[in-house]
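J.: the following comprises the amino acid sequence and a computationally predicted model.
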Amino acid sequence: MCSKLKELPTSIEQLMALQELDLSGCSELKELPTSISQLIALQKLNLDKCSKLKELPTSIGQLMTLQMLKLSICSKLKEVPTSIGQLTALQELNLDKCSKLKELPTSIGQLMALQKLDLDKCSKLKELPTSIGQLATLQELYLFGCSELKELPTSIGQLTTLQKLDLLGCSKLKELPTSIGQLTTLQKLVLDKCSKLKELFTSIGQLMTLQQLYLFECCELKELPTSIGQLTTLQELDLSWCSKLKELPTSIGQLITLQKLDLSWCSKLKELPTSIGQLITLQKLDLSWCSKLKELPTSINHLTTLQKLDLDKCFKLKELPTSIGQLVTLQQLYLFGCCELKELPTSIGQLTTLQELDLSGCSELKELPTSIGQLTALQKLNLDKCSKLKELPTSIGQLTA
């Protein structure tokens, strides 16, 4: 890190065999010499944290062997030259945290070898050029924290090799184009904190390779489309803090590969569909702070791979279904602050793999069933602030794990 380097000598053009040039952290560097175009063997150019760099020379487009261009935290960089489209060997372009960058040139669509485009926290970027759909080899597109981005171009559906799309914190994004359903290789879609996103497109069901869908804190999202049930490769679904979500579609039971479902802080969710019992690969179910949830469906007994069930602060939950005893792989059961829960079903003793049981703050709980002594794997039992609990069953002495 040459933090005091202000300029490069013109003679750098003589380094015609140079393959890597790392100028990261050269915070006094204001410009690159035009002669940099003579580095005909250059494959990697790192300009990360060149915080006084205002522009790139047009001649940069002559670096025909360049595969990686890193411009992270070039906080004074306002634009990228049109000539960047000539970098036909470029595979990775990092522009994250270029906070003054307002737009990308149309020519970016000519980067036919580009696999990764990182625009995270380009907080003044308002739109993407339509030509972005021409990036035929793009696998990763990061737009995290692009807080001025209001929409995505329809052409994004042409990115048929895209595997990861990160839109976390795109707080002005109101909708996604229907064409996003054409992203037939997409594996991960991050929409966390897209606080103005009101609905998901029906075509989301066409994302047949999607494995992870994150919708944390999409606080305007009121419902999920029925087509979500078509995501038969989905493994993780995060809907935490979707505070206006009132119900889940019955089709959610069709997510036959789902392993993790997070519904924590869905404060308007009153019930779960019976079809949730069809999630036969589910391992973690988080319902903590679902303050209006009154009961669990009996069908929960079919979740025979469930390892963790979190019901903390489900204030209206009055009882657990007897069928809960059939959760033969359950290891953690959290009921902290379930202040209307008066008793546990006898069947809880059938949870022979249970290691943690948290009943702290269950202020209406008067007794524990004798069957609790059958929890032979139990290592942690929290009964703190169970203010109406008068005694423990003798069988508790059998908890020797």
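T.: Yes, it's here.
J.: for Lys193, give its distance to Pro321.
T.: Per Cβ to Cβ, to the nearest Å, Lys193 is found 34 Å from Pro321. Any C-beta I mention is one placed from the backbone N, CA and C, and that applies to glycine too.
J.: so for those two, which residue has more residues nearby?
T.: Lys193 (21 against 16; other Cβ atoms under 10 Å).
J.: for the more buried one, which phi and psi angles does the backbone take?
T.: As for Lys193, its main-chain torsions (degrees, to the nearest 10) stand at phi 60, psi 30.
J.: and stretch 356-371, average pLDDT?
T.: Averaged over stretch 356-371, pLDDT sits at 97.
J.: next one: stretch 137-153
T.: Regarding stretch 137-153, the rounded mean pLDDT is 97.
J.: gap between the two ends of that stretch?
T.: Start-to-end span of stretch 137-153 (Cα to Cα, to the nearest Å) is 18 Å.
J.: gap between that stretch and the chain center?
T.: Centroid displacement of stretch 137-153 relative to its chain, using Cα atoms, centre = their mean, to the nearest Å, is 14 Å.
J.: kindly report the same for stretch 268-275.
T.: 23 Å.
J.: measure it end to end?
T.: End-to-end distance of stretch 268-275 (Cα to Cα): 19 Å.
J.: what's the answer for stretch 53-62, then?
T.: 19 Å.
J.: tell me which residues of that stretch are tucked away?
T.: 53, 55-57, 59-62 (16 or more other Cβ atoms under 10 Å).
J.: keep only those of those residues that are in helices.
T.: Among these, none falls in helices (DSSP state H).
J.: and those residues as JSON lines, adding distance to Thr184?
T.: Converted to JSON lines, the buried residues of stretch 53-62 look like this (distance: Cβ to Cβ, whole Å):
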{"residue": "Leu53", "distance to Thr184": "38"}
{"residue": "Glu55", "distance to Thr184": "38"}
{"residue": "Leu56", "distance to Thr184": "34"}
{"residue": "Pro57", "distance to Thr184": "39"}
{"residue": "Ser59", "distance to Thr184": "38"}
{"residue": "Ile60", "distance to Thr184": "34"}
{"residue": "Gly61", "distance to Thr184": "32"}
{"residue": "Gln62", "distance to Thr184": "36"}
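J.: that's a helix at Leu237, yeah?
T.: No - according to DSSP: H, G, I helix; E, B strand; the rest coil, Leu237 belongs to no helix; its state is strand.
J.: what about it, how many neighbours?
T.: 24.
J.: quick one, what contacts it?
T.: Taking Cβ atoms under 8 Å, 6 or more residues apart in numbering, we find Leu237 in contact with 213, 215, 255, 258, 260-262.
J.: now, which of the residues you listed lie within strands?
T.: Using DSSP state E, the subset of the contacts of Leu237 located in strands is 213, 260-262.
J.: looking at those, which is nearest Leu162?
T.: Set against Leu162, the nearest of the ones in strands among the contacts of Leu237 by Cβ to Cβ is Leu213 (14.6 Å).
J.: please name the residues that touch that closest one.
T.: Leu213 makes contact with 189, 191, 231, 234, 236-238, according to Cβ under 8 Å, 6+ apart.
J.: list just the nearest of these to Ser99.
T.: Closest to Ser99 out of the contacts of Leu213 is Leu191 (22.3 Å), distances taken as Cβ to Cβ.
J.: who are the neighbours in contact with that closest one?
T.: Here Leu191 is in contact with 167-168, 197, 213-215, 218 (criterion: Cβ under 8 Å, 6+ apart).
J.: kindly recompute the last result at 7 Å.
T.: Leu191 makes contacts with 167, 197, 214-215, 218, as judged by Cβ atoms under 7 Å, 6 or more residues apart in numbering.
J.: check Leu224 too.
T.: 200, 248-249.
J.: how about these in JSON lines, adding secondary structure?
T.: Formatted as JSON lines, the contacts of Leu224 follow (three-state DSSP):
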{"residue": "Leu200", "secondary structure": "coil"}
{"residue": "Leu248", "secondary structure": "coil"}
{"residue": "Pro249", "secondary structure": "coil"}
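J.: doesn't Ser35 fall inside a helix?
T.: Yes - counting by three-state DSSP, Ser35 is found in a helix.
J.: check contacts around it.
T.: For Ser35, the residues meeting the contact criterion (Cβ under 7 Å, 6+ apart) are 10, 12-13.
J.: now with 10 Å, please.
T.: 8-14, 57, 59 (Cβ atoms under 10 Å, 6 or more residues apart in numbering).
J.: what of Leu375?
T.: By Cβ under 10 Å, 6+ apart, the contact set of Leu375 is 333, 348-355, 357, 381, 395-396, 398-399, 401.
J.: many thanks, we can stop here.
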